[in-house]
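# sequence and predicted structure, then a few things I'm wondering about:
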Amino acid sequence: FDCQEDLPYDLEWRVIYVGSPESNEYDQVLDEVMVGPVPFGMNKFVLQADAPDPNKIPIESLLGVTVVLITCSYRGNEFVRIGYYVNNEIPESDEDNYENMDIEAIQQQQIPLERIIRTTLADKPRVTRFNIPWASTPAIGDDEMLLSTVPSSKDGFVIHHDPFVRMVSPIDSMENLNN
């Protein structure tokens with residue numbers, strides 16, 4: 001990302017998986033990291049997080065389209081939100097077993113969670129920017145900001161800022177990250 005001035009305080013980056021369109025109570029913070037102070041100019045870093053816990057997602061939201069959000073705040077004020085559409089589906093080889101089932105039938109048959117494929121539409125992020133007072137930004141909850149990192153896994157998400165945000169879905173290989 002391109003920083004237009006030296007920022008003496010940390011930027012708080014968060015990766016959030018939207019577990020259900022019905023309620024934000026199912027949202028999962030996959031990673032939260034503080035980066036800074038941030039110097040003027042082009043800055044790069046890799047943000048990596050585990051996949052969401054499927055046991056915290058309502059069964060009716062396990063399959064279909066959802067969103068992964070990346071937010072960034074400066075001194076407690078969010079100034080950018082980047083959203084990626086994510087499609088959760090059953091592999092084509094399993095479709096015959098599940099395609100005509102309703103949610104109750106799927107629940108009874110217990111889809112093995114490891115069979116669900118997550119595909120991220122990484123090339124079309126939705127970016128929302130918010131104006132904040134950079135120089136005079138009062139610290140909101142500075143004493144409450146915690147750094148908690150989630151170890152990476154082969155089934156997680158990787159976000160690469162180089163200088164454009166790019167997400168690699170779990171089915172992509174790490175070699176594709178550098179392309």
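Now that the structure is in, tell me what you want to look at.
# which stretches in this structure count as helices?
92-98, 103-109, 174-177 (DSSP state H).
# low-confidence regions, the protein specifically.
Regions of the chain meeting the criterion pLDDT under 70 cover residues 92-111, 136-179.
# select the longest strand from it.
Longest strand in the chain by number of residues, with DSSP state E as the criterion: strand 77-89.
# adjacent strands (with direction) for that one?
Next to strand 77-89 in the sheet, as set by DSSP bridges, lie strand 64-74 (antiparallel), strand 117-120 (antiparallel), strand 126-129 (antiparallel).
# in that strand, which residues are buried?
Within strand 77-89, the residues scored as buried using 16 or more other CB atoms under 10 Å are 77, 79-84, 86, 88-89. The way it works is simple: take the backbone N, C-alpha and C, and place the C-beta from them, glycine included.
# make CSV from those residues and add distance to Asp27 to it.
Output for these, formatted as CSV (distance: CB to CB, whole Å):
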residue, distance to Asp27
Asn77, 20
Phe79, 20
Val80, 18
Arg81, 13
Ile82, 15
Gly83, 12
Tyr84, 14
Val86, 13
Asn88, 15
Glu89, 21
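# of these, closest to Gln4?
Phe79 (11.6 Å; CB to CB).
# all strands of this structure, in order?
2-3, 11-17, 28-35, 41-42, 45-49, 64-74, 77-89, 117-120, 126-129, 157-161, 165-168.
# quick one, which of the ones you listed gets closest to Lys56.
Minimum separation from Lys56 across these (CB to CB) falls at strand 28-35, 6.0 Å.
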